[in-house]
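Novice: I'd like to go over a predicted model; first the sequence, then the structure.
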Amino acid sequence: MYFFCISEVFCIKKNQDQNQVQINSAIRDKEVRLIDVDGTMLGIMSAKEAQLLANERELDLVKISPNANPPVCKIMDYGKYLYERNKRDKEAKKKQTIIEVKEVRLSPKIEDHDFNFKAKNAIRFLQDGDKVKISIRFRGREIAYSDLGRGVLDRFADTVKEYGKIEKPPVMEGRTLSMVLVPLKK
């Protein structure tokens, strides 16, 4: 980012981003291919002539394809274009589904009540559309009995099979045995 000063009083902040669109007097090319408001091609002309046409219609000259030879410019209301683009982006963002990964921690020697409570929570998470990571942390000498942990995870997957399926089977990562469940499609 740099500052472009015309005089000591009037400074314009310029942005050197690739995504930044050049409009009006920022277009420094000699020749441009011009498109009218309604989408008709007006042909190749100098940037000054194109700017004069845009000024006559009280609209903006916007460079829409800077890499073309010659660059393509369009006459449009740039403020309205930005407003509609932001509105479209917000609408697309509303329709996105964000999937979170919730974690349920178990132990290899878990009691039935605790197991059922954790399974009920996992079912609730799966019904909400979230992924569930079930992990068992082995402490001390419990690591020697990792087959007990696998049995607990298999039992857990069998308990919640109506609501979710296994995306990632049980994997040992250090002292933690974990698997991931995803919700079933409705």
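Specialist: Here it is on my side, so go on.
Novice: going by C-alpha atoms from here, please, whenever you check contacts or count neighbours.
Specialist: OK.
Novice: how much space between the residue lying farthest from the centre of the chain and Val72?
Specialist: Here the chain reaches farthest from its C-alpha mean at Arg141, the gap being 43.3 Å by CA atoms, centre = their mean. As judged by CA to CA, to the nearest Å, Arg141 and Val72 stand 70 Å apart.
Novice: now swap in Thr40 and tell me
Specialist: Counting by CA to CA, the gap from Thr40 to Val72 is 12 Å.
Novice: what's the answer for Leu184, then?
Specialist: Counting by CA to CA, the gap between Leu184 and Val72 amounts to 48 Å.
Novice: higher neighbour count, these two?
Specialist: Val72 (19 against 14; other CA atoms under 10 Å).
Novice: pretty sure the more buried one is touching Ser65, no?
Specialist: Yes. Counting by CA atoms under 8 Å, Val72 touches Ser65, with 5.0 Å between them.
Novice: in the chain, which spans are helices?
Specialist: For the chain, applying DSSP state H gives helices covering 47-56, 78-95, 112-127, 146-159.
Novice: need the contact partners of the last one.
Specialist: I take that to be helix 146-159. Helix 146-159 is touched from outside by 107-108, 115, 119, 134, 136, 138, 165-166, 170, 177, 179, 181, with contacts defined as CA atoms under 8 Å, 6 or more residues apart in numbering.
Novice: and those, which two are furthest apart?
Specialist: Phe138 and Lys165 (24.2 Å; CA to CA).
Novice: what distance separates the strand ranked longest in the chain from the centre of its chain?
Specialist: The longest strand of the chain (DSSP state E) is strand 164-173. Remark: strand 164-173 is offset 26 Å from the chain centroid, using CA atoms, centre = their mean, to the nearest Å.
Novice: angle of it against helix 146-159?
Specialist: 170 degrees (axes from the mean of the first three to the mean of the last three CA atoms, to 10 degrees).
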